[in-house]
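Trainee: Predicted model and sequence below, questions to follow.
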Amino acid sequence: MNADSYFSSRLLDWYDVHGRKSLPWHHDKDPYKIWVSEIMLQQTQVVTVIPYFENFIDRFPTINELANALEDDVLHHWSGLGYYARARNLHKAAQVIRDRYEGRFPQNFDDVIALPGIGKSTAGAILAFSFGQRHAILDGNVKRVLTRYLAIEGYPGKKAVENRLWEVADGLTPDNRSSEYTQAIMDLGATVCSRSRPLCDLCPFHRDCLARKNHRQTEFPYRKPKTDRLMKAVRMLVIKNDLGEVLVVKRPPSGIWGGLWSLPEIADPTLDIAPWCEKNLGVRVEERKKLPHFRHVFSHFDLKIDPVVCVRIGECDQIGDHPLLKWCHPDRPVALGFPGAIKKIFGTLSVQFGNEE
Ligand code: SF4
């Protein structure tokens, strides 16, 4: 047995006994459900994903139903999962599949990676789990197992290290039982070879793993070289009307929180709120109170958010049927997508103003 087949056969023996085989997206081999689960799992842990996955599939049971939905509805069902570009891309890709492939998920690798939001590893995983095709994958779990097993030095975000990892991943993927192997290596990374406390005594490679032999498990994979994190600050305006509703604005379709509903914000600390609101929102306001500021962490920067409560003065405003502005009650659920930071502010409002109405 060569080194590559030794790795896969040991891993498959471990999988037969310990692998995860009953997650909600394992029940059938529907490529749509596997695709949704793979996208949700990209930045999020399984326990968090399960209820979101179930709600999402309940609401959009087929690719065509997702394709035909309003973007607000899709974002609403993603609300709280973060990394909203994933939801927007799912929606766009569903429309491509509806229009180009009659609503059937494509089976050709090049067609799959051409869809919005699907990279090489995700395409490989979907095709392996749905159609049993042999493809190497290289998600975060797989990178962790491979860099530790072979003590691969260097940050995997560097092209040369990534290329080496793809070569290794491809070489180790067997021709037989390749989809189970793919699930097995993901499971090992998720349940045994975890980031900070790998359970090496339970690992099928505890005798061979180079990182373990040298007590260097947590050094792999190398972390991203440190750069100073960028810090931005913004005032978010909680403008209330006399019905207790808050003015929300729809964000541009791309970029941070793209397509979600948020609060009006002023980045320039020198601007006065009242004239800014009259000019930009068509609403006359009076500033009332500052809420405690908090920090929201994005992948590339931190945002310091200063919520400022204002009240609308005068009877009228120009909101009307404006497509990008709405009055919405923070205590009553509405079918719009809000980022977690905005939900947090709404939660604070319930506490601060709970007895007011
Ligand atoms: S022996 Fe430990 S570090 Fe090495 S692959 Fe197994 S769990 Fe990971």
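Mentor: Cool, got the structure.
Trainee: Please identify the residues of the stretch 101-250 of the chain in proximity to the ligand?
Mentor: For the stretch 101-250 of the chain, the contact set with the ligand under Cβ under 6 Å from any ligand atom comprises 145, 148-149, 192-193, 198, 200, 203, 205-206, 209, 211-212, 217. C-beta coordinates here come from the backbone N, C-alpha and C atoms, glycine included.
Trainee: And the strands in the chain?
Mentor: 230-240, 246-250, 261-262, 265-266, 285-290, 294-297, 301-312, 325-328 (DSSP state E).
Trainee: Please tabulate these in a markdown table, including the columns mean neighbour count.
Mentor: Shown next, in a markdown table, are those (neighbours: other Cβ atoms under 10 Å):
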| stretch | mean neighbour count |
| --- | --- |
| strand 230-240 | 18 |
| strand 246-250 | 21 |
| strand 261-262 | 20 |
| strand 265-266 | 16 |
| strand 285-290 | 15 |
| strand 294-297 | 13 |
| strand 301-312 | 18 |
| strand 325-328 | 17 |
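Trainee: Looking at those, which is nearest to Gln45?
Mentor: Nearest to Gln45 among the strands of the chain is strand 294-297 (16.4 Å), distances taken as Cβ to Cβ.
Trainee: what's the offset of stretch 89-99 from the middle of its chain?
Mentor: Distance of stretch 89-99 from its chain centroid, counting by Cα atoms, centre = their mean, to the nearest Å, is 18 Å.
Trainee: tell me which residues of it are tucked away?
Mentor: Neighbour counts over stretch 89-99 (16 or more other Cβ atoms under 10 Å) mark 90-98 as buried.
Trainee: cool, stretch 201-214 as well?
Mentor: Of the residues in stretch 201-214, 203-205, 209-212 count as buried by neighbour count, 16+ other Cβ under 10 Å.
Trainee: what mean pLDDT does it have?
Mentor: In this model, stretch 201-214 has a mean pLDDT of 96.
Trainee: if you look at the buried residues of stretch 89-99, which of them are in helices?
Mentor: Taking DSSP state H, the ones among the buried residues of stretch 89-99 that sit in helices are 90-98.
Trainee: which one of the residues you listed is nearest Asp72?
Mentor: Using Cβ to Cβ, these come closest to Asp72 at His91, 10.5 Å.
Trainee: distance of that closest one from Pro61?
Mentor: Going from His91 to Pro61 by Cβ to Cβ, to the nearest Å gives 15 Å.
Trainee: try Val234
Mentor: Relative to Pro61, and taking Cβ to Cβ, Val234 is found at 38 Å.
Trainee: Need the pLDDT of the residue positioned nearest the centre of the chain.
Mentor: Per Cα atoms, centre = their mean, the C-alpha nearest to the average position across the chain is that of Tyr83, at 4.1 Å. For Tyr83, the pLDDT comes out at 88.
Trainee: from memory it sits against Met40, does it?
Mentor: No: with contacts counted by Cβ atoms under 8 Å, Tyr83 stays clear of Met40, the gap being 9.6 Å.
Trainee: How about residues contacting the lowest-mean-pLDDT helix or strand in the chain?
Mentor: Lowest mean confidence among the helices and strands of the chain (mean pLDDT, DSSP states H and E): helix 340-353, at a mean of 79. Here helix 340-353 makes contact (Cβ atoms under 8 Å, 6 or more residues apart in numbering) with 79-80, 82, 236, 238, 244, 246, 248, 260-263, 289, 291-292, 294, 296, 303, 305, 307, 309, 330-331, 338.
Trainee: give me that answer again for 7 Å
Mentor: Residues outside helix 340-353 that contact it (Cβ atoms under 7 Å, 6 or more residues apart in numbering): 80, 82, 236, 238, 262-263, 291, 296, 305, 307, 330-331.
Trainee: Would you mind getting the angle between it and strand 230-240?
Mentor: Computed by axes from the mean of the first three to the mean of the last three Cα atoms, to 10 degrees, the angle separating helix 340-353 from strand 230-240 equals 40 degrees.
Trainee: So the residue nearest to the centre of the chain sits against Gln43, correct?
Mentor: Yes: contact criterion Cβ atoms under 7 Å: Tyr83 and Gln43 qualify, at 5.0 Å.
Trainee: mind listing what the closest residue to Val49 other than its chain neighbours touches?
Mentor: In this structure, Val49 finds its nearest non-sequential neighbour in Met40, 4.5 Å apart by Cβ to Cβ, 6 or more residues apart in numbering. By Cβ under 7 Å, 6+ apart, the contact set of Met40 is 49, 52-53, 81.
Trainee: any idea which of those residues is closest to Pro225?
Mentor: Among the contacts of Met40, Leu81 lies closest to Pro225 (Cβ to Cβ), at 28.4 Å.
Trainee: Counting only helices, which of the residues of the stretch 101-250 of the chain next to the ligand make the cut?
Mentor: 145, 148-149, 211-212.
Trainee: Distance to Thr348 for the residues you listed - can I get that in a markdown table?
Mentor: What follows is those, written out as a markdown table (distance: Cβ to Cβ, whole Å):
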| residue | distance to Thr348 |
| --- | --- |
| Val145 | 42 |
| Arg148 | 43 |
| Tyr149 | 47 |
| Ala211 | 45 |
| Arg212 | 46 |
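Trainee: Closest to Ala69 out of the residues you listed?
Mentor: Using Cβ to Cβ, those come closest to Ala69 at Val145, 36.9 Å.
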